[in-house]
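# One predicted model, sequence on top.
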Amino acid sequence: MPFRPLSNVLATVNLAAATLVGILALPAPAAAQAWPSKPIRMVVPFPAGGGIDTVARIVAPRMSESLAQPIVIENRSGAGGTVGTEVVARAAPDGHVLLAAFASHAMNATLYRDLSYDTERAFAPISLIATVPNILVVHPSLPAKSVGELVALARKRPGEINYASVGNGTPAHLSAELFNTMAGVKMTHVPYKGAPASIIGMITGEAQLTFTTLLIALPHVKAGKLRPLAVATLARSPMLPDVPTVDESGLKGYDSVAWYGLLAPAGTPAAVVDRLHAELVRSVQVPDVRDNLLRQGTDIVASSPARFAQVIREDIAKWTKVVKATGIKAD
């Protein structure tokens with residue numbers, strides 16, 4: 001099921017808000033009635049400066065204004081995002097600790113066998129915030145100008161083509177292995193420590209291709225240092241309208257979407273989740289917030305909690321198949 005853009009959910013916001021007012025007017029536990037009674041911690045399970053950190057810092061101040069309490073960004077990185085995620089899973093479900101989640105949240109459920117939390121049951125989804133188009137780019141020296149030519153070349157030279165990622169078990173790694181699996185080819189993984197290092201590896205020709213976000217790739221594409229072959233989402237990107245998708249290039253159904261979302265600990269009162277959802281949707285409508293998110297190369301989604309839960313379930317199912325087929329292991 002495709003993501004619903006923000007425009008499709010705005011019509012329901014006023015009704016949801018009206019319903020929410022009624023809900024909040026009813027008798028409720030003291031914790032829910034008083035909420036928020038103190039500053040809210042928004043845990044980002046990655047270092048400062050990354051995509052989800054940037055998105056959280058764009059959205060949090062506007063939500064803070066509406067909720068009349070500070071929202072403090074707390075970076076708790078480590079183990080592919082699982083360290084900070086565990087912090088939220090163990091937090092009191094009172095709406096004062098939230099998780100700013102990245103697509104790797106679902107991937108980690110397939111990569112780590114000893115997680116101390118259940119990726120689905122330990123959290124109450126609030127909303128998707130935005131999605132980020134991924135793109136398949138190659139070094140100009142690679143003699144492939146389409147997905148079809150890349151597949152043919154990889155079949156002719158199994159294991160000889162290197163692809164870059166930002167580390168084992170990362171979205172770039174799994175996106176490339178999904179491509180390998182669907183195309184029936186074998187390309188060699190070259191993990192780097194972070195996006196800047198992986199792009200340097202691409203530009204120098206140490207690696208011949210990578211799946212990365214459009215925002216990261218676009219400056220190098222415009223400079224002629226990288227050549228785009230296909231967008232990894234089911235729909236073309238308006239930022240590169242002439243670049244086809246992997247799906248329309250022959251690998252039907254290929255879809256690798258990076259997303260950003262907001263979660264609370266399981267057991268958080270429904271009224272609090274609804275209020276957070278309403279405030280998030282309102283926040284991303286504000287022109288400066290919306291424009292700032294768009295400048296990050298994101299597509300604003302602002303989904304319902306139920307839709308976000310469905311996305312997580314579908315991602316876990318999809319990446320479980322890839323992990324089992326390839327034997328990928330997290331560091």
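Noted; the coordinates are in hand. Residues are numbered from 1 along each chain as shown.
# Name the helix or strand for Val284, please.
Secondary-structure assignment from DSSP states H and E places Val284 in helix 270-285.
# Which positions in that helix come out as buried?
271-284 (16 or more other CB atoms under 10 Å). C-beta coordinates here come from the backbone N, C-alpha and C atoms, glycine included.
# Equivalent analysis for stretch 248-263, please.
Buried, per 16+ other CB under 10 Å, within stretch 248-263: 249, 251, 254-263.
# and what of stretch 138-154?
138-139, 142, 144, 147, 150-151, 153-154.
# out of these, who's nearest Ser304?
Val147 (33.7 Å; CB to CB).
# Let me know whether the closest one touches Asp247 as I believe.
No - counting by CB atoms under 8 Å, Asp247 is not a contact partner of Val147; they are 9.6 Å apart.
# just to revisit the earlier point, out of the buried residues of stretch 138-154, name the ones that lie in strands.
Judged by DSSP state E, strands contain the following of the buried residues of stretch 138-154: Val138.
# which pair in the buried residues of stretch 138-154 spans the largest distance?
Going by CB to CB, the pair spanning the buried residues of stretch 138-154 furthest: His139 and Val151, at 16.9 Å.
# Next, the angle helix 270-285 makes with the helix or strand just after the helix holding Val284.
Toward the C-terminus, helix 270-285 is succeeded by helix 287-295 as the next helix or strand (DSSP H and E). Per axes from the mean of the first three to the mean of the last three CA atoms, to 10 degrees, the angle that helix 287-295 makes with helix 270-285 is 80 degrees.
# Partner strands of the helix or strand just after helix 287-295 and their direction?
Next in sequence after helix 287-295, counting helices and strands by DSSP H and E, comes strand 299-300. Its sheet considered, strand 299-300 pairs with strand 123-138 (antiparallel) by DSSP bridges.
# The partner strand: how far from the chain's middle?
Distance, stretch centre to chain centre, for strand 123-138: 3 Å (CA atoms, centre = their mean, to the nearest Å).
# One more: stretch 175-195?
On the basis of CA atoms, centre = their mean, the separation between the geometric centre of stretch 175-195 and that of its chain is 18 Å.
# Need the distance between the two termini of it.
15 Å (CA to CA, to the nearest Å).
# State the mean pLDDT of it.
For stretch 175-195, the mean pLDDT works out to 92.
# tell me, how many neighbours does Gly167 end up with?
Here the number of neighbours of Gly167 (other CB atoms under 10 Å) works out to 18.
# ok, back up a step: among the buried residues of stretch 138-154, which lie within helices?
Under the assignment DSSP state H, the buried residues of stretch 138-154 contribute 147, 150-151, 153-154 to helices.
# got these as a markdown table, with pLDDT columns?
Shown next, in a markdown table, are these (pLDDT from 0 to 100):
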| residue | pLDDT |
| --- | --- |
| Val147 | 97 |
| Leu150 | 98 |
| Val151 | 98 |
| Leu153 | 97 |
| Ala154 | 97 |
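# Looking at these, spot the one nearest Asn180.
Ala154 (8.2 Å).
# Backbone dihedrals for Tyr254, both of them.
Dihedral pair for Tyr254: phi -70, psi 130, per degrees, to the nearest 10.
# can you tell me how far it sits from Ala197?
26 Å (CB to CB, to the nearest Å).
# okay, now the residue nearest to Pro70 when sequence neighbours are not counted: neighbour count?
Here the nearest residue to Pro70 in space, its sequence neighbours aside, is Pro39; by CB to CB, 6 or more residues apart in numbering that works out to 4.4 Å. Pro39: 12 surrounding residues under other CB under 10 Å.
# Could you pull up the residues touching Pro39?
Pro39 sits next to 69-72, 96 when contact means CB atoms under 8 Å, 6 or more residues apart in numbering.
# Check it and give its pLDDT.
pLDDT at Pro39 comes out at 97.
# Against Gly250, how distant is it?
With CB to CB as the criterion, Pro39 and Gly250 are 51 Å apart.
# Same question for Pro45.
36 Å.
# helices and strands of the chain: which one has the lowest mean pLDDT?
helix 6-25 (a mean of 48; mean pLDDT, DSSP states H and E).
# Ala60: how many residues sit nearby?
Neighbours around Ala60, by other CB under 10 Å: 22.
# So it belongs to a strand, correct?
No - counting by DSSP: H, G, I helix; E, B strand; the rest coil, Ala60 is not found in a strand; it is helix.
# hang on, the earlier thing: out of the buried residues of stretch 248-263, which sit inside strands?
Per DSSP E, the subset of the buried residues of stretch 248-263 in strands is 257-263.
# With respect to Val311, which of the residues you listed is nearest?
Among these, and counting by CB to CB, the member closest to Val311 is Trp259, at 6.8 Å.
# Dump stretch 154-172 to PDB, restricted to CA.
C-alpha atoms of stretch 154-172 as PDB (Å, rounded to 0.1, in the frame of the first residue of the first chain):
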ATOM      1  CA  ALA A 154      26.700  -8.100 -12.900                       C
ATOM      2  CA  ARG A 155      25.700 -11.400 -14.300                       C
ATOM      3  CA  LYS A 156      28.700 -11.400 -16.600                       C
ATOM      4  CA  ARG A 157      31.100 -10.300 -13.800                       C
ATOM      5  CA  PRO A 158      29.700 -12.000 -10.600                       C
ATOM      6  CA  GLY A 159      31.300 -10.500  -7.500                       C
ATOM      7  CA  GLU A 160      33.500  -8.000  -9.300                       C
ATOM      8  CA  ILE A 161      31.200  -5.000  -8.900                       C
ATOM      9  CA  ASN A 162      31.500  -3.300  -5.500                       C
ATOM     10  CA  TYR A 163      28.700  -1.500  -3.800                       C
ATOM     11  CA  ALA A 164      29.100   1.000  -1.000                       C
ATOM     12  CA  SER A 165      27.000   1.300   2.200                       C
ATOM     13  CA  VAL A 166      27.300   3.100   5.500                       C
ATOM     14  CA  GLY A 167      27.800  -0.100   7.400                       C
ATOM     15  CA  ASN A 168      26.500  -3.700   7.800                       C
ATOM     16  CA  GLY A 169      22.800  -3.900   8.300                       C
ATOM     17  CA  THR A 170      22.100  -0.300   7.300                       C
ATOM     18  CA  PRO A 171      19.400   0.700   4.800                       C
ATOM     19  CA  ALA A 172      21.900   1.100   2.000                       C
END
